[in-house]
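> attaching a predicted model along with its sequence, questions to come.
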Amino acid sequence: MFDESSSEWWCFHCDSDGLKGKPGVKASSSVAEVKSRLAAVEFQNPTGNWSYEGAYSVELTDRADMSVAPVGSEFLKIEGNRVVISEGRAMQGMGGIQLYVEEYPFFLGYVCLKCIRRGDGFLLWKNNNYDNM
């Protein structure tokens, strides 16, 4: 959280020495310091098989065929090249990501996906062929 009146960054997920997993960024660092240090920490895709449950969005490539999605669900919205799922699950599979809206599955190959983000915008997975995520 950024307090504009004091120009300090307060992190509620910090340990006493700084952000967990982000060495050198202290809880009272300026916003510019935090942004520059966090930018230096490059996102890494999860290793092995992973899954996520909750709200998420998927950015699609032009090759994605959304006719496979359960479009009748109230928990799925298609917004251009982005799919927003307010209640579901995503799991890494062989050759792609298995997506679920509620309990209804649909599969998209890696060539169809640019990235997957949690409902709050945090990057969960990205296709390394697309660097600007």
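The structure has been received and is ready for your questions. Keep in mind the model is a prediction, meaning the values are calculated, not measured.
> quick one: the helices in the protein, in order.
31-40 (DSSP state H).
> just for it, where's the confidence low?
Within the chain, the stretches falling below the threshold (pLDDT under 70) are 1-43, 131-133.
> torsion angles phi and psi at the nearest residue to Gly54 once chain neighbours are set aside?
Leaving out its chain neighbours, the residue that sits closest to Gly54 by Cβ to Cβ, 6 or more residues apart in numbering is Gly119, at 6.2 Å. Every residue, glycine included, has its C-beta placed from N, CA and C. Backbone torsions of Gly119, given as degrees, to the nearest 10, read phi -60, psi -30.
> isn't Gly119 right up against Val58?
No: with contact defined as Cβ atoms under 8 Å, Gly119 does not reach Val58; the gap is 11.8 Å.
> which of these two has more residues huddled nearby?
Neighbour totals were compared for Gly119 and Val58, and Val58 leads with 25 against 13 (other Cβ atoms under 10 Å).
> for that one, name its beta-bridge partners.
Note on Val58: beta-bridge partners by DSSP bridges are Val83, Ile116.
> now do the contacts for it.
Taking Cβ atoms under 8 Å, 6 or more residues apart in numbering, we find Val58 in contact with 82-83, 85, 90, 97, 99, 108, 113, 115-117.
> list just the nearest of those residues to Trp50.
For those, the residue nearest Trp50 by Cβ to Cβ is Ala90; the value is 8.5 Å.
> could I have the buried ones of the contacts of Val58 as PyMOL selection syntax?
Restricted to buried positions by 16 or more other Cβ atoms under 10 Å, the PyMOL selection for the contacts of Val58 reads:
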select buried, resi 83+85+90+97+99+108+113+115+116+117
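> how many neighbours does the closest residue to Asp65 other than its chain neighbours have?
For Asp65, ignoring the flanking residues on the chain, the nearest one in space by Cβ to Cβ, 6+ apart is Cys112 at 7.4 Å. Per other Cβ under 10 Å, the neighbour tally for Cys112 reads 19.
> touching, Cys112 and Gly95? I think so.
No: applying Cβ under 8 Å, one finds Cys112 not in contact with Gly95, separated by 10.7 Å.
> the domain parsing of this protein - what is it?
2-40, 51-126 (automatic domain parsing).
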